[in-house]
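Student: sharing a model that was predicted from the sequence below.
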2 protein chains.
Amino acid sequence: MHIVITGAAGFLGQRLVTRLLERGRLDDQTIRRLTLLDQIEAPVPDADGVEIVAQALDVTVPGALDEVLASGPDVIYHLAAVVSSAAEADLDLGMRVNFDATRALIEGCRQHELAATRLLMASSVAAYGGELPEVLDDMTALQPQNSYGAQKAMCELLINDYSRRGLVDGRVLRLPTIVIRPGRPNAAASSFASSILREPLNGEDAVCPVPTDLEMFVMSPGKVVEALIHGAEVPGERWAPFRAFMLPGITVSVAEMLETLREVAGDAAVARVRHEPDARVTAIVSSWPARFDTAKARRLGFEGDGNFREIIEAFVDERP
Amino acid sequence: MHIVITGAAGFLGQRLVTRLLERGRLDDQTIRRLTLLDQIEAPVPDADGVEIVAQALDVTVPGALDEVLASGPDVIYHLAAVVSSAAEADLDLGMRVNFDATRALIEGCRQHELAATRLLMASSVAAYGGELPEVLDDMTALQPQNSYGAQKAMCELLINDYSRRGLVDGRVLRLPTIVIRPGRPNAAASSFASSILREPLNGEDAVCPVPTDLEMFVMSPGKVVEALIHGAEVPGERWAPFRAFMLPGITVSVAEMLETLREVAGDAAVARVRHEPDARVTAIVSSWPARFDTAKARRLGFEGDGNFREIIEAFVDERP
């Protein structure tokens, strides 16, 4: 089995590579080849019996993916994207990377007659917006209030239509907010959600810019990676009639996050979180829905975290 | 006021032109100029004091709309599209006309800094699909099961995002099935819905290919044109947060259509309808939802037909 990953140098891509190599198999087939694509050359881990090639390329350049598609990959994980803040700051960049490159990828699959190739794309909770109900479900409209979400929602429609026509076997998973991300705080509006846990757990201070009664819909990196793997294994026909849905995150308030931090790491850890309300961040994050009935994902066997404590404990266990 | 209409030679475009000239005004401004665009040169009616230019052009050619956008139109009605059967038969054609040309149009508005230009696009009931609820509402997801619907849904997202960013004042109306269309039966799956009324009213035979208990969501051509006009007059901010919704059609079964035909034109008219079930047509049409709660359209002052008898009577009154 030959697996291609775009955005392979990113945090999620790297974790996916590690997990695929640990498993050695996907959908009952031995993984023989991994092609890691990103703007920079992704790190190539050692792995017996698996040919791993990392290639630096720009997915927005016409024909950039021709060579890899001509090799007939079995599974493509399309994780390459510009994040929401960048897509909002630069409409053209977002359209080029998030939409046009995805269109070129599925059009490339069609040209190379990769009807059986499983193409998995990550979409996002940012695709939701507008006058939302209290609890969202699989038939809630996508009315995104940011360009990143609009671009992802357009890709969903395109991938679904190409799949319905039998041109590719596309699958889209809408990701909850991923908590706890490793590394440092970044420009994402949701950065604090990892930061207020990760920094105290590492003995550092953090800032919470939102009211503690704010609820979020979250999933651990480990469960997201398991969902990406399961997503390649569920038969394509079970994804119809619409090949995109929300993964089963869990709903948690910031207060509950901090309370769980206290249970795991004590009062001193929680005391490291300074509350400095930021109206801009609060406006963005509070526009994201936090309560979902993820019936389709559960029907197809996708699993979320059991509770928020497991998310913190997984982070603690996984630290280098 | 300068109004541009793409697809101006089509049935809806022609009716819109007639109605605009009858009114002479749009949004309390005198109509001074009409630009009619289509693949063929649209007929130019006589109209005192209104400069009407018809131009044959291909909206899919890069830069085709530059000249007209440079003239700074106040309102653009974007009705040009390839119909659902053609988009299903030829994916590339549908993408080029229904999606790429719309993208070029709003991108052109951005380039020419037409932030205040009202851009109205017609979308369709064909954008709905999948595992639908009994009654759809403004937050029901678009999960189209045909390429035409997918392309229209992508345009909706794009127009909404460009409008949210203040680059254009976009508005999208999802049209119910238009009944009674004038002219002859065509290749559209919904063609019978007009044919089983129009032909008997004209003393001709017609074929009904679907079971009579099938329900449809319909609107008369007159009400659709009134909606296009009202759509240019409702202030842009009232369309937020999502600038696309279903118009208030009425739900009617084929049996009710034929019963109303009997009331208006007698038993002899209904006897002209031959029932010849067609599984292919039935499959397509029965996948279209027929029951909607169109709260947003009604809140914004859009009006539908009062009942099906009015639809038939309007057709009879309007016949040349």
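Tutor: Received the coordinates, thanks. Numbering: from 1, shown residues only, chains lettered A, B, ... in the order given.

Student: and the longest helix belonging to chain A, does that touch chain B?
Tutor: Using DSSP state H to define each element, chain A has its longest helix at helix A:147-164. Yes. Between helix A:147-164 and chain B, judged by CB under 8 Å from any CB of the partner chain, the touching residues are A:147, A:150, A:153-154, A:157-158, A:160-161, A:164. (Each C-beta comes from the backbone N, C-alpha and C, glycine too.)

Student: quick one: residues contacting the residue lying closest to residue A:160 once chain neighbours are set aside.
Tutor: Excluding its sequence neighbours, the residue lying closest to residue A:160 (CB to CB, 6 or more residues apart in numbering or on different chains) is residue A:243, at 4.8 Å. Going by CB atoms under 8 Å, 6 or more residues apart in numbering or on different chains, residue A:243 touches A:156, A:159-160, A:163, A:170-172.

Student: let me see the contact set for residue A:254.
Tutor: A:193, A:196, A:208, A:210-216.

Student: mark which of these are buried, thanks.
Tutor: A:193, A:196, A:208, A:210, A:214-216 (16 or more other CB atoms under 10 Å in any protein chain shown).

Student: in strands only, show me those residues.
Tutor: Under the assignment DSSP state E, the buried ones among the contacts of residue A:254 contribute A:208, A:215-216 to strands.

Student: as TSV, the residues you listed with distance to chain B and pLDDT would be great.
Tutor: Shown next, in TSV, are these (distance: CB to the nearest CB, whole Å; pLDDT from 0 to 100):
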residue	distance to chain B	pLDDT
A:208	27	97
A:215	19	96
A:216	20	96
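
Student: phi first, then psi, for the nearest residue to residue A:64 once chain neighbours are set aside.
Tutor: If the residues on either side of it in the chain are set aside, residue A:64 comes closest to residue A:57, at 5.0 Å by CB to CB, 6+ apart. Main-chain dihedrals, residue A:57, degrees, to the nearest 10: phi -150, psi 160.

Student: and residue A:57, what pLDDT?
Tutor: According to the prediction, residue A:57 has pLDDT 95.

Student: quick one, what contacts it?
Tutor: A:37-39, A:64-65.

Student: among these, which are in strands?
Tutor: A:37-38.

Student: list just the nearest of the contacts of residue A:57 to chain B.
Tutor: The closest of these to chain B turns out to be residue A:65 (CB to the nearest CB; 18.6 Å).

Student: give the contact list for that closest one.
Tutor: A:37, A:57, A:59, A:104-105, A:108.

Student: let's see it at 7 Å
Tutor: Going by CB atoms under 7 Å, 6 or more residues apart in numbering or on different chains, residue A:65 touches A:59, A:104-105, A:108.

Student: check residue A:301 too.
Tutor: If a contact means CB under 7 Å, 6+ apart, then residue A:301 has A:230, A:234 as its contacts.

Student: secondary structure class for it?
Tutor: Of the three states, residue A:301 takes coil under DSSP: H, G, I helix; E, B strand; the rest coil.

Student: mind checking pLDDT for it?
Tutor: Looking at residue A:301, its pLDDT is 98.

Student: next one: it from residue A:5, what distance?
Tutor: As for residue A:301, its distance to residue A:5 is 22 Å (criterion: CB to CB, to the nearest Å).

Student: what's the answer for residue A:54, then?
Tutor: 10 Å.

Student: for those two, indicate the residue with more neighbours.
Tutor: Shown here are residue A:54 and residue A:5; by other CB atoms under 10 Å in any protein chain shown, residue A:5 has more neighbours (29 against 19).

Student: surely residue A:199 touches residue A:206?
Tutor: Yes. Between residue A:199 and residue A:206 there is a contact under CB atoms under 7 Å: 3.8 Å.

Student: can you list residues touching both of the two?
Tutor: Counting by CB under 7 Å, 6+ apart, the shared contacts of residue A:199 and residue A:206 are residue A:272.

Student: enumerate the residues of the stretch 101-250 of chain A near chain B.
Tutor: Counting by CB under 7 Å from any CB of the partner chain, the positions of the stretch 101-250 of chain A adjacent to chain B are A:129-131, A:133, A:139-143, A:145, A:147, A:150, A:153-154, A:157-158, A:160-161, A:164-165, A:241-242.

Student: so which bits of stretch A:251-266 are buried?
Tutor: Buried residues in stretch A:251-266, defined by neighbour count with 16+ other CB under 10 Å: A:251-254, A:256-258, A:260-261, A:264-265.

Student: how far does it sit from the chain's center?
Tutor: Counting by CA atoms, centre = their mean, to the nearest Å, stretch A:251-266 is centred 23 Å from the centre of its parent chain.

Student: kindly report the same for stretch A:69-82.
Tutor: With CA atoms, centre = their mean, you get 15 Å for stretch A:69-82.
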